[in-house]
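Peer 1: I'll drop the sequence and a predicted model, then ask my questions.
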Amino acid sequence: MSALMTVRGLKKRHGERLLFDIDELTLETASAYVLTGANGVGKSTLLRVLAGLDTAQVASAAFEGTPVALHPYPAALRRAIVYVHQHPIMFSTSVADNIGYGLAARGEPKARIAQRVEDAMAWAGVSYLQGTDPARLSGGEKQRVALARARVLQPRLLLLDEPTANLDGAAREQVIALIPTLMEQGTTVVMACHDRDLIGLPGVRRLKLRDGHLEYRTNKGETDETP
Ligand SMILES: Nc1ncnc2c1ncn2[C@@H]1O[C@H](COP(=O)(O)OP(=O)(O)OP(=O)(O)O)[C@@H](O)[C@H]1O
């Protein structure tokens, strides 16, 4: 398996506080990871740094074998890497506009956008929300719309920040059910989470942030560790 992204010497500071000091982060092509660790350890920050939404000190980085800088963040990475926020923000237009927004920003033809949005809505099980005001979506619906919005962009790397946080019951299960289908299409997925059902998904590898360092773990449905 080949490395999709490698980052070496990744340090993040908030003032005097060294949040993390990661020797090396390697994400393989078409692989899925859960990023675990205690509250406040820096999971969201790490994802945001990879997505170019936050800055950090980086010794070197490469994407698909090509050396890249993370600051300033290159347009090629902005196209290849998509971050989905824990509480996705929706534009107040329509659900379809929200899903197609990134494609429109890329200048895709309208007919192509409409087709891909329709497919994505069916994939995410949100076709019934066609006429719903985005401001009225439930937490689970919002998360599924956000996943559809990310999926249509066909990212090489998808960063999901606690995709099931604050969801329970059917809403949580519906989101969890979408994750393996994202993995199947060859996208590398990294999910910051505490959700044991996500951590235990087959084929998902585990990265754990602890004391500022990144540990690679084998994932065998751990029950004996703190998430
Ligand atoms: N701008 C900032 N200035 C100072 N500290 C910050 C800033 N932004 C975040 N932090 C701190 O950095 C730490 C890491 O935050 P982050 O949200 O990345 O953690 P997390 O592991 O995702 O936590 P959780 O599991 O609770 O979501 C927290 O202690 C947070 O308070």
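Peer 2: The structure has been received and is ready for your questions.

Peer 1: rest of the way, CA atoms for contacts and neighbours
Peer 2: Noted.

Peer 1: So is the helix or strand harbouring residue 21 next to the ligand?
Peer 2: Assessed by DSSP states H and E, residue 21 sits inside strand 17-28. No: Strand 17-28 lies out of reach of the ligand by CA under 6 Å from any ligand atom, never closer than 6.5 Å.

Peer 1: Make 653 the first number, not 1, from now on.
Peer 2: Noted, 653 is the first residue going forward, which turns the last one into strand 669-680.

Peer 1: How about the contacts made by the residue nearest to the spatial centre of the chain?
Peer 2: The centroid of the chain falls nearest to residue 811 when counting by CA atoms, centre = their mean (1.7 Å). With contact taken as CA atoms under 8 Å, 6 or more residues apart in numbering, residue 811 is in contact with 699, 703, 733, 734, 735, 736, 841, 842, 843, 844.

Peer 1: Please apply the same query to residue 776.
Peer 2: Taking CA under 8 Å, 6+ apart, one finds 796, 797, 799, 800, 830 in contact with residue 776.

Peer 1: For the last one, the count of nearby residues, please.
Peer 2: What that stands for is residue 830. 16 (other CA atoms under 10 Å).

Peer 1: same thing with the first one?
Peer 2: When neighbours are defined as other CA under 10 Å, residue 796 has 26 of them.

Peer 1: and the nearest residue to it once chain neighbours are set aside, how far is that from the ligand?
Peer 2: Once flanking residues are discounted, residue 796 sits nearest to residue 776: 5.7 Å by CA to CA, 6 or more residues apart in numbering. For residue 776, the distance to the ligand equals 24 Å [CA to the nearest ligand atom, to the nearest Å].

Peer 1: Next: residue 742.
Peer 2: Per CA to the nearest ligand atom, residue 742 is found 21 Å from the ligand.

Peer 1: Going along the chain, name the strands of this structure.
Peer 2: Using DSSP state E, the strands of the chain run over 655-666, 669-680, 684-688, 709-715, 718-720, 733-736, 809-813, 840-844, 856-862, 865-869.

Peer 1: In a markdown table, list the ones you listed along with mean pLDDT.
Peer 2: Converted to a markdown table, these look like this (pLDDT from 0 to 100):
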| stretch | mean pLDDT |
| --- | --- |
| strand 655-666 | 97 |
| strand 669-680 | 97 |
| strand 684-688 | 97 |
| strand 709-715 | 98 |
| strand 718-720 | 97 |
| strand 733-736 | 98 |
| strand 809-813 | 97 |
| strand 840-844 | 97 |
| strand 856-862 | 96 |
| strand 865-869 | 92 |
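
Peer 1: Columns distance to residue 745 on top of these, output as TSV?
Peer 2: Shown next, in TSV, are these (distance: least, CA to CA, whole Å):
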stretch	distance to residue 745
strand 655-666	35
strand 669-680	36
strand 684-688	33
strand 709-715	35
strand 718-720	36
strand 733-736	19
strand 809-813	24
strand 840-844	28
strand 856-862	36
strand 865-869	40
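
Peer 1: looking at those, which is closest to residue 764?
Peer 2: strand 733-736 (20.1 Å; CA to CA).

Peer 1: Please state the offset of that closest one from the chain centre?
Peer 2: Centroid separation for strand 733-736 versus its chain: 5 Å, with CA atoms, centre = their mean, to the nearest Å.

Peer 1: Relative to it, what are the paired strands and their orientations?
Peer 2: strand 809-813 (parallel) (DSSP bridges).

Peer 1: Tell me what angle the strand it pairs with forms with strand 669-680.
Peer 2: Interaxial angle of strand 809-813 relative to strand 669-680 (axes from the mean of the first three to the mean of the last three CA atoms, to 10 degrees): 140 degrees.
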